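J.: What shape does this take:
(one chain, ligands or ions: 1)
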Amino acid sequence: MKIFETENDIKDNRLNAKGLSLIPTMGNLHEGHLSLIKAAKNYNNKTIVSIYINPLQFGPNEDFKNYPRTEASDIKKLKKIDCDYAFIPQDNFAKELKLIKAPSISKKLCGKNRPGHFDGVLTIINKIFSVILPSYAFFGLKDYQQFILIREFTKNYFPGIKIIGLPIIREKDGLAMSSRNNLLTRDERKIAPNIYESLKWIKNNRREFSITELVKISSEKLERNNIQIDYLGIFDKQSLKEAKNFEEGALIAIAAKLGKVRLIDNIILDKN
Ligand code: PAF
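T.: Numbering: from 1, shown residues only. The predicted structure is shown next:
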C-alpha cells in the first residue's frame, strides 16, 4: 500500500486518472470502516483511505485531544485488507482552508449542541475531495446527518463524485461501532447497548403508542440507566424535521452522553 502525506504527492501520481474510490476517515479504524473499504473494493477502482483527525469539526469543549490516535495499527489493518493507497496528511492540513458554511439542515439534530461542527466537516471534505477527486466516496449511515449534508454538498460542488452510504455495523450486543466506544469506561460500555435497544423498542412498538409516548417511555428508561439524552425522536429522512407520526418520518435517531462520551445511532424504517 502506498502512503501519501502531501497533496502534491497525490497530484503528481495522478491517482484519479483511472477512477478512484475514497473512504474518508479520522482513523482508529474498526469493522465499520473496514466494511466501507470492502464495499469500495467491489467498484473496480483503486481504493484510497484518508486518515485525518479534523480539528475544525470539534467544538472547544469536545474530545479533539482525546480522540483515539492509532496510526500504526490503522496502517496494518489497511495493508491486511489490501487497500491500494492511504492519504495521511500532516496536522496542519486544515490550516488556512476556505471555510464552507453548511446549510440550515445542519442546525438540527447534532448541530443543535455542536454549533459549527458540520461547517468543519464540509470544509475538510471540500479540501479532501479537491485533492483526491475520487469517482466514489463512501460513508457510514451512523452519521446520517453528515451523510445527507455531504451528499447535498457533493451534488452541488462535485457532481462527478458519487456518494455511497452504507449500513451501520454493530458490536455483538448491538452497540453501533464507533471510535468513541474506545473512550467509554468499562461500566459505561456495559450500559451503552441500551441506546440501540431504545431505538429497536421504538421501532417494534410504533403501532402501539404515539410518538410522544414512545419517546417519553424510552427516554425515561435511558435516563434511569444514567444515559443523558441530547435528542431522541422520529424525523423526516430528507428534511430532518421532527415527525408527528410514522407516515411523516422514517428516521429514528438518537444522540446521548455516557459520562463524557457522546454517541449517536439511528434506525431507518424501510416501510411502515
Ligand atoms: O465521519 C468521519 O470520520 C468524519 O466526520 C469525516 C467524514 C472523515 C470528516 O472529517
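J.: Only C-alpha atoms from now on, for both contacts and neighbour counts.
T.: Fine.
J.: Count the residues that sit near Ser21.
T.: Per other C-alpha atoms under 10 Å, the neighbour tally for Ser21 reads 28.
J.: Secondary structure element holding it?
T.: Assigned by DSSP states H and E, Ser21 belongs to strand 20-25.
J.: Summarise which helices and strands that strand is packed against.
T.: Identification of packing neighbours for strand 20-25 by 3 or more C-alpha pairs under 8 Å, 6 or more residues apart in numbering; DSSP states H and E yields helix 31-41, strand 46-51, strand 136-140.
J.: what angle do that strand and helix 31-41 make?
T.: Strand 20-25 runs at 170 degrees relative to helix 31-41, counting by axes from the mean of the first three to the mean of the last three C-alpha atoms, to 10 degrees.
J.: How about the contacts made by Lys46?
T.: Shown in contact with Lys46 (C-alpha atoms under 8 Å, 6 or more residues apart in numbering): 19-21, 84-85.
J.: go on, Arg14?
T.: Contacts of Arg14 by C-alpha under 8 Å, 6+ apart: none found.
J.: State the distance from it to Phe158.
T.: With distances taken as C-alpha to C-alpha, to the nearest Å, Arg14 is found 18 Å from Phe158.
J.: wouldn't Val131 be in contact with Asp9 here?
T.: No. Using C-alpha atoms under 8 Å, Val131 is not in contact with Asp9; the gap is 9.9 Å.
J.: From the ligand, how far out is Leu183?
T.: Going from Leu183 to the ligand by C-alpha to the nearest ligand atom, to the nearest Å gives 16 Å.
J.: cool, and Asn204?
T.: For Asn204, the distance to the ligand equals 28 Å [C-alpha to the nearest ligand atom].
J.: Equivalent analysis for Ser219, please.
T.: Distance from Ser219 to the ligand, counting by C-alpha to the nearest ligand atom: 26 Å.
J.: If Ser50 is in a bridge, with which residues?
T.: Ser50 has these beta-bridge partners by DSSP bridges: Pro24, Phe87.
J.: which parts of the stretch 1-150 of the chain sit against the ligand?
T.: Proximity of the stretch 1-150 of the chain to the ligand, by C-alpha under 6 Å from any ligand atom, involves residues 24-26, 54, 121.
J.: which ones are touching the closest residue to the ligand within the stretch 1-150 of the chain?
T.: Closest residue of the stretch 1-150 of the chain to the ligand, C-alpha to the nearest ligand atom: Thr25 (3.8 Å). Each residue near Thr25 by C-alpha under 8 Å, 6+ apart is listed here: 33, 49-53.
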